[in-house]
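# I need the structure of the sequence given here:
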Amino acid sequence: MNLQKEKIIVITAPSGAGKTTITKYLMQVLPILSFSVSATTRAKRKNETEGKDYYFITRADFEKKIEEKKFLEWEMVYEGTYYGTLTSEIEKIWQKHQIPLLDIDVQGALHVKHLFPEQTMVIFIAPPNVDVLKERLIGRGTDSHASIEKRIHKATEELQYRNSFDKTVLNDHLEKACKEAAEIITVFLQNESFPIK
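Got it, this is the predicted structure:
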């Protein structure tokens, strides 16, 4: 298998823009895609499953893996909290003859696109505006007020990168945004043979 020709799909967005929901939709309608589970040092939320949502690891273990060059990409997304994509996760998906679908932050997406410019499709999910993003984060009920303010500040910075990616999907209507993302990926993979549900 020539890994230099294998494709990668990346969904990126500021926190709260809807990338996880859109990623779940894509997994349902495009069975050729396989979700790439990221590693993180943040605490597990009550509705999350180890090995399905994330690999939850200690900061020391994460930093050891950085030293050993085990990550395709990694970032300290928030102060003291790492997120990263293990190279072994991508290779495992390619070996199953599937296409990795990454749900990662903006800096990580830029890094993957830089590493694999021809074989990667990066879709940026844009919220209608920052106010809507703030409402969504508050509505999730998973973050403290201080954490939400941090996420909004970061989102404002990340929105400046929207034109750095292959495609931007405006998430002002979730169903429409999901279908648009699926169409973009289908066109990108048009030389592949796979069923669409």
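# who are the contact partners of E158?
Counting by Cβ atoms under 8 Å, 6 or more residues apart in numbering, E158 makes contact with A13, P14, D105, V106. Quick note: C-beta positions are derived from backbone N, CA and C, even for glycine.
# what number of residues lie near the first one?
This means A13. Neighbour count of A13, defined by other Cβ atoms under 10 Å: 29.
# over to the closest residue to it other than its chain neighbours. Which of the three states is it?
Counting by Cβ to Cβ, 6 or more residues apart in numbering, I125 is the residue found nearest to A13 once chain neighbours are left out, at 3.6 Å. Assigned with DSSP: H, G, I helix; E, B strand; the rest coil, I125 falls in the strand class.
# can you tell me the SS state at the residue nearest to the spatial centre of the chain?
Centroid-nearest residue in the chain: D103, 1.5 Å away (criterion: Cα atoms, centre = their mean). Look at D103: counting by three-state DSSP, its state is strand.
# pretty sure it sits against F35.
Yes. Between D103 and F35 there is a contact under Cβ atoms under 8 Å: 7.4 Å.
# between these two, what contacts are shared?
Contacts common to D103 and F35, judged by Cβ under 8 Å, 6+ apart, are T23.
# re the thing from before, could you dump the contacts of E158 to CSV with secondary structure?
Putting those into CSV (three-state DSSP) gives the following:
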residue, secondary structure
A13, coil
P14, coil
D105, coil
V106, helix
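# give me the contact list for stretch 86-94.
1, 3, 6, 8, 34, 36-37, 39, 55, 65, 70-72, 99-100.
# hmm, I typed the wrong one, I wanted stretch 52-68.
Residues contacting stretch 52-68 (Cβ under 8 Å, 6+ apart): 37-44, 48, 50, 71, 74, 80, 82, 84, 86.
# could I get the full set of strands for this protein?
Applying DSSP state E to the chain gives strands spanning 8-12, 33-35, 38-40, 54-56, 71-78, 81-86, 99-104, 120-126, 167-170.
# kind regards, and thank you for your time.
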